[in-house]
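Q: Using only what follows, build the 3D model:
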Amino acid sequence: MIDIIGKILLGLGLMFTGVQMLSSGLKQIGSRQFRLLATRFVSSRWRAVFFGVGSGAIMQSTSAALVILASLISAGGLDVSQAIAILNGFSIGNCMLLFIISLNIAAGVMFLVGLCGIAMYLAKDERYRTYFLIGLGLGLIFFGIEMMTAGVKPLRQEAWFTGAMAFSRDYSLLSIIAGMALGFIAQSSTAVALVAIGLVRENILTGPQAFLFMYGAAIGSTMFKVMLGAAFRGTSRQLVRFVNIFNIFGASVFILLYYMEIYLHVPLVMALLNSLTPDLTHQAALVFLLFNMTSAIFFIVINGPLIRWLASSFPPSEEEGLSYPKYLSEFQPQDPDTGMELILLEQTRELEQVAAFVSTAREEYGGPDLSSRHEAFKSLAREVAASTAAVSAMSMDPQAAQEHAYVQTRQALLDQLADSTASGVQIIMQTRAYPSIEKLSASCLEAIDFLLTFAAEIDKTNAPEDVRMVLGLSSSNGPSMEQLRKAYMYSDKLDSANDKGRLLDLTIMTEKIIWLLNRFYSLKSDRGR
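A: All right, here's what the predicted structure looks like:
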């Protein structure tokens, strides 16, 4: 009995490892292309669906697609309707693996696993190693299923096992519950469907038991998507909720059709499968395809009401509004000058966002926290950097090239200013626990707040006198730097080494913020000459 249990566990372990390796390899190859192509194939809903079918067949990971699509939504590259259309197609393409596994190629699997394993050991180029990883993962899925079924075969001679299988055939709800449990553990309905195909191949499960097993797995696997959704906010959570509804709807409909066919004797799913093929392994792969295709068609038909319901249930968060490009998303640059004007407008928004970092340190503050605001800034900065790179590919005269260099340098300073301000505000909040420097910490906060807010305001007007005023306030001889020099002198009066260390962190970071702001407006002043 120990040998039997060991073979079953080994088979499951190998199969799940193979699924993980296959998914990891395909994601390495396909994720970048998926991200690049997703925004190009959404001009119509059907193009997005067909793109989803192809990418689902290649990537084989709904969780990976969720993360990528959520990031594209956050960046303004897609809207929720387009992402859901891709996910509808993705669920259909994701069924391809089951049709491959349903083939009887046991002899070739040994060569596949052996050759890919040896090649991975010998190969040095990461690109080739990824391809061998995919082959090894696919082979381990086959090998794991074979090992698992080899372990289960002897159990058919045991009276208790045959009795349990007969009992489960009489009480179909047990198959659904078993599928739910394994789907929750495996976190993938596809992985559970692979187990079902292996058990059907050896006549351990009947066709109807395998079908119910897969329906239950679709419900159980949604629990992982629920946990995954906790990491998303706003409209990105709409995607996770859609995938959960997709699985539960499909499972509910097909479970209902099963009981209608059994108890009302209405020819439905099983009758259709029997008419298509007598092979139960092919039937299992087909029912998984029908399950996903039916749900996809249904949600494509009700797309409008579904999108409105999701939007009202999970409205956009404040962070999403901060991370979306406001000008670049609406006006695509057609020439270098137009492109750079739009980028400058976005950079003004970036400076306003940096200034808002300081407000998170206020006790009465109730908006997004510092980390969320910083991540929103970085998301917007990535879009600005991408647009700046796109402009650089255009033909430019010397004056436009000089302006482009200014925009690039300005963005680099904004990135440094954002990182330094986020670190500075965090240090200021931490120094409140040190009474000896609490007053200085509050003064630094007010100084940074005033300078950044003032700088963000005059960045809209570009008035020369205001620029000169900021340069004066942030210069090495300005009042802010003078206050920091006094703080250095005050550090000798502190007895605690911790207090001195915190004071040093506070003054250095505040000085860096002020210096970066001075550099930012020195650049602006030089440009105006």
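
Q: Just confirm Ala271 contacts Glu261, I think it does.
A: Yes. Judged on Cβ atoms under 8 Å, Ala271 makes contact with Glu261 at a distance of 7.0 Å. No exception for glycine: its C-beta is placed from N, CA and C like everyone else's.

Q: Those two: which has the busier surroundings?
A: Neighbours per residue (other Cβ atoms under 10 Å) separate Ala271 from Glu261, with Glu261 holding more: 17 against 11.

Q: Provide a list of residues in contact with the more buried one.
A: Shown in contact with Glu261 (Cβ atoms under 8 Å, 6 or more residues apart in numbering): 267-271.

Q: Check the spacing between it and Leu268 real quick.
A: Using Cβ to Cβ, to the nearest Å, one obtains 4 Å as the distance from Glu261 to Leu268.

Q: swap in Phe132?
A: Taking Cβ to Cβ as the criterion, Phe132 is separated from Leu268 by 44 Å.

Q: For Leu342, which non-adjacent residue is closest in space?
A: Nearest in space to Leu342, with sequence neighbours left out and distances taken as Cβ to Cβ, 6 or more residues apart in numbering, is Tyr327 at 4.6 Å.

Q: do Arg468 as well
A: Nearest-residue entry for Arg468: Ser525, 7.3 Å, with adjacent residues in sequence omitted and distances by Cβ to Cβ, 6+ apart.

Q: and if you look at Phe249?
A: Spatial nearest neighbour of Phe249, excluding adjacent residues (Cβ to Cβ, 6+ apart): Ser295 at 5.7 Å.

Q: Quick one: residues contacting the one you found.
A: By Cβ under 8 Å, 6+ apart, Ser295 lies in contact with 91, 246-247, 249-250, 253.

Q: same thing but 7 Å
A: With contacts defined as Cβ atoms under 7 Å, 6 or more residues apart in numbering, Ser295 is in contact with 91, 246, 249-250.

Q: Let me know the helix or strand that it is in.
A: Of the helices and strands defined by DSSP states H and E, Ser295 is found in helix 280-301.

Q: before we move on, which element is Glu375 in?
A: With elements taken from DSSP H and E, the one containing Glu375 is helix 370-392.

Q: Return that helix as CSV; C-alpha atoms alone will do.
A: Written as CSV, here are the backbone C-alpha positions of helix 370-392 (Å, rounded to 0.1, in the frame of the first residue of the first chain):
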residue,chain,number,x,y,z
LEU,A,370,2.9,57.0,0.4
SER,A,371,3.7,53.7,-1.2
SER,A,372,0.6,53.8,-3.4
ARG,A,373,1.3,57.3,-4.6
HIS,A,374,4.9,56.4,-5.3
GLU,A,375,3.9,53.4,-7.4
ALA,A,376,1.4,55.5,-9.3
PHE,A,377,4.1,58.0,-10.1
LYS,A,378,6.4,55.3,-11.3
SER,A,379,3.7,53.9,-13.5
LEU,A,380,3.1,57.3,-15.1
ALA,A,381,6.8,57.9,-15.4
ARG,A,382,7.2,54.6,-17.4
GLU,A,383,4.6,55.8,-19.9
VAL,A,384,6.3,59.2,-20.2
ALA,A,385,9.7,57.5,-20.7
ALA,A,386,8.2,55.2,-23.4
SER,A,387,6.7,58.2,-25.2
THR,A,388,10.0,60.1,-25.0
ALA,A,389,11.7,57.1,-26.6
ALA,A,390,9.1,57.0,-29.3
VAL,A,391,9.7,60.7,-30.1
SER,A,392,13.4,60.1,-30.3
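
Q: and the angle for the next helix or strand after it with helix 370-392?
A: Past helix 370-392, further along toward the C-terminus, the next helix or strand under DSSP H and E is helix 398-430. Taking axes from the mean of the first three to the mean of the last three Cα atoms, to 10 degrees, one finds helix 398-430 and helix 370-392 inclined to each other by 170 degrees.

Q: on contacts alone, who are the packing partners of helix 398-430?
A: For helix 398-430, the packing partners by 3 or more Cβ pairs under 7 Å, 6 or more residues apart in numbering; DSSP states H and E come out as helix 336-357, helix 370-392, helix 435-461, helix 497-528.

Q: buried ones in the shortest one?
A: Same thing as helix 336-357. Within helix 336-357, the residues that qualify as buried by neighbour count (16 or more other Cβ atoms under 10 Å) are 336-337, 339-340, 342-344, 346-357.

Q: again with the last one
A: Residues of helix 497-528 classed as buried by neighbour count (16+ other Cβ under 10 Å): 499-500, 502-503, 505-507, 509-518, 520-522, 524.

Q: count of neighbours near Pro267?
A: Applying other Cβ under 10 Å, we find 10 residues neighbouring Pro267.

Q: Checking it next. Helix, strand or coil?
A: Classification of Pro267 into helix, strand or coil gives coil, according to DSSP: H, G, I helix; E, B strand; the rest coil.

Q: That one - nearest residue in space that isn't next to it in sequence?
A: Glu261 (7.0 Å).

Q: Tell me which helix or strand the one you found sits in.
A: When secondary structure is defined by DSSP H and E, Glu261 falls within helix 235-263.

Q: Give the next helix or strand downstream of that helix.
A: Beyond helix 235-263 on the C-terminal side, the first helix or strand identified by DSSP H and E is helix 269-276.

Q: Contacts for that next one, please.
A: Contacting residues not belonging to helix 269-276 are listed as 208, 254, 257-258, 261, 283, 286-287, 290 [Cβ under 7 Å, 6+ apart].

Q: list the buried ones in it?
A: By neighbour count with 16+ other Cβ under 10 Å, helix 269-276 contains the buried residues 269-270, 273.

Q: do the same with stretch 355-372
A: Neighbour-count burial for stretch 355-372, with 16+ other Cβ under 10 Å as criterion, is recorded at 355-361, 368, 370, 372.

Q: circling back to that earlier point, how much does the helix holding Ser295 deviate in direction from helix 235-263?
A: Our comparison of helix 280-301 with helix 235-263, counting by the same axes, to 10 degrees, yields an angle of 130 degrees.

Q: starting at the chain centroid, how far to helix 280-301?
A: Helix 280-301 sits 26 Å away from the centroid of its parent chain (Cα atoms, centre = their mean, to the nearest Å).

Q: cool, stretch 266-286 as well?
A: Put simply, stretch 266-286 sits 36 Å off its chain's centre (Cα atoms, centre = their mean).

Q: quick revisit: Phe132 and Leu268: which has the busier surroundings?
A: Between Phe132 and Leu268, counting by other Cβ under 10 Å, Phe132 is the more crowded of the two (19 against 15).

Q: That one touches Ala119, doesn't it?
A: Yes. With contact taken as Cβ atoms under 7 Å, Phe132 and Ala119 are classed as touching, separated by 4.5 Å.

Q: check contacts around Ser475.
A: For Ser475, the contact set (Cβ under 7 Å, 6+ apart) comprises Asn518.

Q: three-state assignment of it?
A: Taking three-state DSSP as the rule, one finds Ser475 in the coil state.

Q: how close does it sit to Ile177?
A: Noted for Ser475: a distance of 72 Å to Ile177, by Cβ to Cβ.

Q: Then Ile100?
A: 29 Å.

Q: Those two: which is more packed in?
A: Set side by side, Ile100 and Ile177 show unequal neighbour counts under other Cβ under 10 Å, the larger going to Ile177 at 17 against 12.

Q: Contacts only, for the more buried one.
A: Gly216.
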